[in-house]
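> Sequence and predicted model, in that order:
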Amino acid sequence: MKLLLAVCVFGFALTASAQKEKIVRKLPAVRTTQKIVIDGDLKDEAWKTAPIATDLVEWRPSFGNVEQYKDRTEIKILYDNTAIYIGGFCHEATNDSISTELVGRDVVGVNDFVGVLFDTYNDKINGFGYYVTPLGEQYDAKYSSNGEDGSWNSVYESQAKIVPGGWVFEMRIPYSAIRFSSIKKQDWGINITRRRSKSGKQLMWSPTDPTIGGNFFAQFGLWQGVEDIKPPVRLSFSPYFSTYLNHYPYNDPAIKNTATSVNGGMDVKYGINQSFTLDMTLIPDFGQVQSDNQILNLTPFEVKYNENRTFFTEGTELFSKGNLFYSRRIGGEPLHYNDVANELLPGESIASNPDQTRLLNATKVSGRTSSGLGIGVFNAITAPQYATIESNGKETRRIETDPLTNYNIIVFDQSLKRNSSISFINTNVTRSGTDYDANVTAALWDLYDKKNNWNVSGKVGESQLIGYLPGGKTLSGYTHNIGFSKQGGNFNMSFSQELVDNKFSSNDMGYLTNNNYIDHYLWFGYKWLKPKSFYNNIYANFNGYYSRRFEPGDYQAARVNVNVNGQMKNLWYVGIFTTIKPQQNDYYEPRVTGYVFKRPSAYTYGYWFNSNNAKKYSANFELDITRSNPHRSNGYDIFFSNQFRFNKKLTISTNTNLSFYTNDLGYATTSNDSVIIALRSRNTVENIFTVKYNFNNKMGLSFRARHYWSMVNNRQYFTLKQDGSMINNPNNYSSASDYNVNYFNIDMVYTWQFALGSFINIVWKNAIGTQDTDVATAYFKNFSNTLTAPQLNSLSLRVIYFLDYLSLKKK
């Protein structure tokens with residue numbers, strides 16, 4: 001520990017002495033009264049009065065180089081009573097240097113782009129970014145201490161043209177699309193970024209040194225003298241209409257194979273004041289979201305799926321503080337979904353047991369005051385859910401599997417000087433009836449020193465399950481996370497401890513695999529950022545991990561990882577790594593309290609590369625090799641993807657993930673109160689095939705097909721003792737523990753943005769799932785059998801129309 005302290009002090013002195021006071025770049029804010037037409041042409045008279053931001057500085061791969069004159073960037077910014085106007089000319093020596101691809105809104109792809117980022121409160125933490133590509137496609141994002149939130153959406157205008165000597169663009173950002181103070185005269189933080197994809201370069205107007213720690217907003221310039229702008233009435237409605245045609249061959253005369261439905265609802269956005277916005281979804285419809293990547297789960301923990309519902313991904317950075325919010329809980333599996341079978345009476349059976357609850361409505365209120373206080377309130381209500389029970393083919397009764405439930409989050413996030421912040425968050429789940437309620441409260445801090453080199457961060461939290469214990473008593477739990485890191489300079493490090501006691505639970509609204517642990521993390525890293533003969537940058541990392549149970553304080557696991565990665569001169573990324581894991585005490589694999597599974601020691605090594613994705617053909621590859629004793633377990637994980645761009649409209653890509661393990665030990669089943677462990681083979685193959693065709697920057701068609709196959713063949717069985725030792729078990733449990741699982745999905749989506757913020761989506765979805773114990777069937781036979789299995793087909797149409805109050809008022 002003394003050596004570690006000495007290294008940290010030396011690093012602090014080194015970076016502090018090397019850092020110079022930075023000169024802040026400034027751009028005067030100029031108001032215009034002249035009309036500007038957003039057509040990708042800078043011939044409007046108003047542009048002649050605009051100051052020019054130029055001489056961008058390379059951010060990566062080689063920081064500090066000023067752009068060459070032949071490839072210079074010239075950006076102009078004006079404002080009036082209603083909007084901010086941005087125009088620019090991105091020069092290129094030859095137009096062959098411009099990288100273009102039609103990818104649709106909120107996707108960057110391999111495109112060149114220009115983005116203008118505003119820190120409207122000048123707190124050096126939070127901001128908004130508005131981007132445009134040479135083909136006029138848009139990407140916008142919201143920024144906070146959590147990083148970039150690309151799911152955030154605003155409505156703004158943009159046009160671009162490729163012209164001799166480069167490309168030209170114009171953007172109009174209405175004040176309804178950005179948040180700012182009502183102060184009469186204000187200065188905004190600003191930066192302008194440009195990516196030139198084929199050269200691998202990204203540049204910044206205000207130089208952004210990658211060796212300086214903290215949020216890169218701390219290195220912004222200033223847009224000075226914004227005067228007399230008033231936030232407009234920010235009120236918009238997005239009513240939607242959707243209709244579905246679903247078909248599944250039930251082969252039951254009592255159930256129709258084809259079903260139809262018609263839905264309607266609305267999203268509402270309302271600017272409560274200049275800083276805060278209310279977002280509401282009424283009778284939402286999420287039937288067109290991308291299908292989940294279902295897998296065979298051999299772990300004792302639930303699978304955490306991605307959130308694809310827009311309302312729960314857009315503008316939720318405040319609610320993700322403390323990692324206490326897992327939005328899939330809302331509208332997810334009912335609380336008593338797995339309890340229905342235990343409540344059946346003799347002669348009864350389950351006719352239906354829906355695995356999701358119905359969301360009635362959800363509301364978000366979020367924003368930030370001029371003093372830097374961010375406030376967020378989230379609330380959602382789900383309807384009661386029921387399982388239907390039948391006897392002798394007739395419905396007899398219903399069992400409530402989930403009561404009427406209210407989900408709530410309150411967040412306060414105070415921005416401080418030097419890119420620092422402190423936060424408070426409370427999550428609450430309130431259920432009607434006799435089911436327990438849940439509440440989790442946490443305080444967080446993220447503090448930097450004056451130079452943004454050193455950071456202290458942490459979290460302290462308490463959970464309460466109200467009415468969970470007998471007699472209606474409350475079960476209370478505690479957690480904390482404390483970290484210390486050096487983020488400035490070429491040498492970086494961090495050390496942290498995470499403690500979760502044996503009573504803490506955030507699972508009612510969050511995701512927590514297990515409690516009762518004390519984990520320690522240590523990381524050292526060194527980076528070489530100045531390009532040399534064969535590389536642009538290199539990063540070397542050492543990671544250490546050590547875990548014990550909280551009570552009793554038994555050893556659980558440890559891990560050491562060393563990796564080196566970087567970007568080569570040909571713009572390929574490459575990396576090598578090795579990981580060593582000593583024997584672990586796994587208290588969860590047995591699925592029975594009081595048992596421990598002594599997972600054998602193992603080591604993994606491998607390498608990966610990503611080729612230059614600006615080329616027409618690009619590929620990514622990774623190979624992981626795992627070795628373990630005493631059963632000579634061998635494992636191979638192979639990840640391979642490739643993409644070919646035929647032109648700016650058509651792209652085809654494939655992703656293949658292969659996993660082959662022999663002599664692997666793991667839980668098989670529980671028989672007569674005995675925990676059975678098996679020596680097994682595990683093979684998994686996942687293939688994803690994607691085709692994307694964009695007709696123009698407003699209309700596109702995408703096709704995604706995924707097949708997942710996983711096979712588990714148990715060959716030898718052992719009975720696990722409580723102390724972790726195992727004795728040979730001659731019985732055969734293959735019928736309960738062998739798996740042959742297939743999932744197949746198609747998502748085909750046609751999208752047309754027919755007006756500003758308005759879309760027509762037509763979606764075809766196909767879903768097939770099979771599971772048996774036939775582990776002798778080869779992959780291609782499995783694939784063929786899967787395609788002939790019963791399948792669910794869904795064809796849907798959804799129309800959403802954007803209505804802006806100010807536009808309606810003018811009309």
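It's in. Predicted, not measured: the structure shown is a model, and the values here were computed from it.
> where does the stretch 101-250 of the chain dip in pLDDT?
With pLDDT under 70 as the threshold, the stretch 101-250 of the chain has no low-confidence stretch at all.
> where exactly do the helices run in it?
Remark: no helices are assigned in the stretch 101-250 of the chain by DSSP state H, counting those that start in this stretch.
> where do the strands sit along it?
All strands of the stretch 101-250 of the chain, identified by DSSP state E, counting those that start in this stretch, fall at 113-119, 127-132, 138-144, 147-149, 157-163, 166-174, 185-196, 201-204, 221-227, 235-247.
> Given the third one, what are its sheet partners and their directions?
What it means is strand 138-144. strand 127-132 (antiparallel), strand 147-149 (antiparallel) (DSSP bridges).
> Just say which of the ones you listed is most tucked in.
Here the criterion is mean neighbour count by mean count of other C-beta atoms under 10 Å, and of the strands paired with strand 138-144 the winner is strand 127-132, at a mean of 23. (Each C-beta comes from the backbone N, C-alpha and C, glycine too.)
> Just list what the helix or strand harbouring Ser476 packs against, helices and strands only.
Using DSSP states H and E, Ser476 sits within strand 473-486. The contact analysis (3 or more C-beta pairs under 8 Å, 6 or more residues apart in numbering; DSSP states H and E) places strand 473-486 against helix 2-18, strand 454-469, strand 491-500.
> ranking those by mean pLDDT, which is last?
Of all the helices and strands packed on strand 473-486, the minimum mean pLDDT falls on helix 2-18 (a mean of 35).
> After it, which helix or strand is next?
Criterion used, DSSP H and E; the element after helix 2-18 is strand 26-28.
> Mind listing the strands that next one pairs with, and their directions?
Using DSSP bridges, strand 26-28 pairs in its sheet with strand 221-227 (parallel).
> Kindly indicate whether the spatially most central residue of the chain is helix, strand or coil.
With the centre of the chain defined as its mean C-alpha position, the nearest residue by C-alpha atoms, centre = their mean is Asn306, 7.2 Å away. Counting by DSSP: H, G, I helix; E, B strand; the rest coil, the backbone at Asn306 sits in coil.
> In contact with it, which residues?
Asp292, Asn293 (C-beta atoms under 8 Å, 6 or more residues apart in numbering).
> go again using 10 Å as the cut-off
By C-beta atoms under 10 Å, 6 or more residues apart in numbering, the contact set of Asn306 is Val289, Gln290, Asp292, Asn293, Thr313, Arg328.
> could I get the strands paired with strand 138-144 as JSON lines with distance to Glu348?
What follows is the strands paired with strand 138-144, written out as JSON lines (distance: least, C-beta to C-beta, whole Å):
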{"stretch": "strand 127-132", "distance to Glu348": "57"}
{"stretch": "strand 147-149", "distance to Glu348": "48"}
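> which one of those lies closest to Val365?
Set against Val365 and scored by C-beta to C-beta, those come closest in strand 147-149, at 16.7 Å.
> would you say Ser784 is within a helix?
Yes - looking at Ser784 with three-state DSSP, it is inside a helix.
> Which pLDDT value belongs to it?
93.
> burial measure for it, as a count.
A count of nearby residues for Ser784, using other C-beta atoms under 10 Å, gives 11.
> ok, which stretches of this structure are helices?
Ranges of helices within the chain are 2-18, 310-313, 734-737, 779-787, 805-810, based on DSSP state H.
> Give the buried residues for the last one.
Residues of helix 805-810 classed as buried: Tyr805, Leu806 (neighbour count, 16 or more other C-beta atoms under 10 Å).
> which secondary structure elements does it contact?
When contacts are defined as 3 or more C-beta pairs under 10 Å, 6 or more residues apart in numbering; DSSP states H and E, helix 805-810 sits against strand 235-247, strand 258-271.
> how about those strands in TSV, adding mean neighbour count?
Supplementary listing: the helices and strands packed on helix 805-810 in TSV, determined by neighbours: other C-beta atoms under 10 Å:
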stretch	mean neighbour count
strand 235-247	17
strand 258-271	14
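> can those go into a markdown table with extra columns for distance to Thr719?
Shown next, in a markdown table, are the helices and strands packed on helix 805-810 (distance: least, C-beta to C-beta, whole Å):
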| stretch | distance to Thr719 |
| --- | --- |
| strand 235-247 | 47 |
| strand 258-271 | 48 |
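> picking up where we left off before, just so I know, which of the strands paired with strand 138-144 lies nearest Pro630?
strand 147-149 (43.5 Å).
> circling back: got the strands of the stretch 101-250 of the chain as TSV, with distance to Thr770 columns?
Formatted as TSV, the strands of the stretch 101-250 of the chain follow (distance: least, C-beta to C-beta, whole Å):
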stretch	distance to Thr770
strand 113-119	44
strand 127-132	43
strand 138-144	39
strand 147-149	38
strand 157-163	47
strand 166-174	50
strand 185-196	44
strand 201-204	46
strand 221-227	58
strand 235-247	18
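> Ala442 is nearest to which of these?
Closest to Ala442 of the strands of the stretch 101-250 of the chain, according to C-beta to C-beta: strand 138-144, at 17.0 Å.
> Could I get the full set of strands for the stretch 351-500 of the chain?
Here the stretch 351-500 of the chain has its strands, by DSSP E, counting those that start in this stretch, at 359-368, 373-382, 385-391, 394-402, 405-415, 421-431, 437-448, 454-469, 473-486, 491-500.
> Of the helices and strands packed on helix 805-810, give the one that comes closest to Tyr708.
strand 235-247 (22.2 Å).
> Direction included, what does that closest one pair against?
By DSSP bridges, strand 235-247 pairs with strand 258-271 (antiparallel), strand 792-800 (antiparallel), strand 803-804 (antiparallel).
> who does the closest residue to Pro239 other than its chain neighbours bridge with?
Nearest residue to Pro239, sequence neighbours excluded (C-beta to C-beta, 6 or more residues apart in numbering): Met266, at 4.6 Å. Met266 has these beta-bridge partners by DSSP bridges: Pro239, Leu282.
> before we move on, back to that, wait, which of the helices and strands packed on helix 805-810 is closest to Ser710?
strand 235-247 (26.9 Å).
> what about the protein, any weak spots by pLDDT?
Along the chain, segments meeting pLDDT under 70 span 1-22.
> So which bits of stretch 213-225 are buried?
Neighbour-count burial for stretch 213-225, counted by 16+ other C-beta under 10 Å, picks out Gly213, Gly214, Asn215, Phe216, Phe217, Ala218, Gln219, Phe220, Gly221, Leu222, Trp223.
> Was I right to think the fourth one contacts Gln202?
Yep, that's Phe216 we're talking about. No - Phe216 lies out of contact with Gln202 (C-beta atoms under 10 Å); the separation is 11.7 Å.
> Find residues that contact each of these two.
Trp59, Thr193, Thr208.
> Arg172 versus Ser158, what's the distance?
Separation of Ser158 from Arg172 (C-beta to C-beta, to the nearest Å): 8 Å.
> Can you check which residues contact both of those two?
Residues touching both Ser158 and Arg172 (C-beta under 10 Å, 6+ apart): Ile38, Ile86, Tyr130.
> Tell me the bridge partners for the last one.
The residues listed as beta-bridge partners of Tyr130 by DSSP bridges are Val116, Asp140.
> cool, and the second one?
The bridge-partner assignment for Ile86, based on DSSP bridges, gives Ile77, Met171.
> repeat for Phe640
Beta bridges link Phe640 to Phe621, Thr656, judged by DSSP bridges.
> right, and it touches Ile688 too?
No - under the criterion of C-beta under 10 Å, Phe640 is not in contact with Ile688, lying 11.2 Å apart.
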